[in-house]
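1. need coordinates for the below:
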Amino acid sequence: QSYHEQNIHLTTLDGKLVRAQHEARCRRGEESFSPEFSTLEQKYAKYIEELDEQCKELRKEQKEVKETHEDVVKQKMAFVQLEKLMQLKLQVTKQEALNAQYSGGIPSRAIMESAGVERLVIDS
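-> From the prediction side, this is the model:
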C-alpha cells in the first residue's frame with residue numbers, strides 16, 4: 001500500500017479509538033456524551049425506540065389502507081360510471097331538445113344553462 005493509503009487508514013483508526021475512549025469515559029460517568037444523553041449507547045437506543053414507534057404507526061396505517069382499499073376503489077369506479085351515465089343523459093337530452101325544436105314539439109326534459117354550468121331538469 002502507498003504511504004497515503006496507510007496514513008488515511010491510520011487517521012481513521014485514530015478517530016475510532018478517540019470515540020471509543022470517549023464512550024468508555026461516558027460509561028464510567030467521568031464525562032457526558034451530550035446534555036440529553038450520558039452515552040452514545042443511550043442516544044442510539046432512543047433513536048431505535050423512536051424508529052420502532054414510527055414503524056408500528058406505519059404498520060397500523062398500512063393495515064387500515066389495506067382494509068379500506070377495495071371499498072375505495074369500488075366507490076371510485078361507481079362515481080366514474082355515474083359521471084359517464086350523467087354525460088350520456090345530458091347528450092340524449094340535448095339531442096331530444098334539438099329534435100323537438102326542429103319538429104316543433106316540446107322536449108320532455110329541459111336543459112338549463114347558467115354561468116357556464118349545464119343542469120338537467122327531469123320532470124316526473
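2. shaky segments in this protein?
-> Where the chain drops to pLDDT under 70, the residues are 104-124.
3. isn't Phe33 up against Ala45?
-> No. Using C-beta atoms under 8 Å, Phe33 is not in contact with Ala45; the gap is 12.0 Å. Placement of C-beta: from N, CA and C, glycine included.
4. these two: which has the busier surroundings?
-> Phe33 (17 against 12; other C-beta atoms under 10 Å).
5. phi, psi for the more buried one please.
-> phi -70, psi -50 (degrees, to the nearest 10).
6. from Leu40, how far out is it?
-> Noted for Phe33: a distance of 5 Å to Leu40, by C-beta to C-beta, to the nearest Å.
7. repeat that for Lys94.
-> Lys94 is 74 Å from Leu40, by C-beta to C-beta.
8. chain center to the helix ranked longest in the chain: distance?
-> Longest helix in the chain, counting residues (DSSP state H): helix 40-103. Mean-position distance between helix 40-103 and its chain equals 12 Å (C-alpha atoms, centre = their mean, to the nearest Å).
9. I'd like to know which elements it is packed against.
-> For helix 40-103, the elements it packs on are helix 3-28, strand 109-114, strand 117-122, judged by 3 or more C-beta pairs under 8 Å, 6 or more residues apart in numbering; DSSP states H and E.
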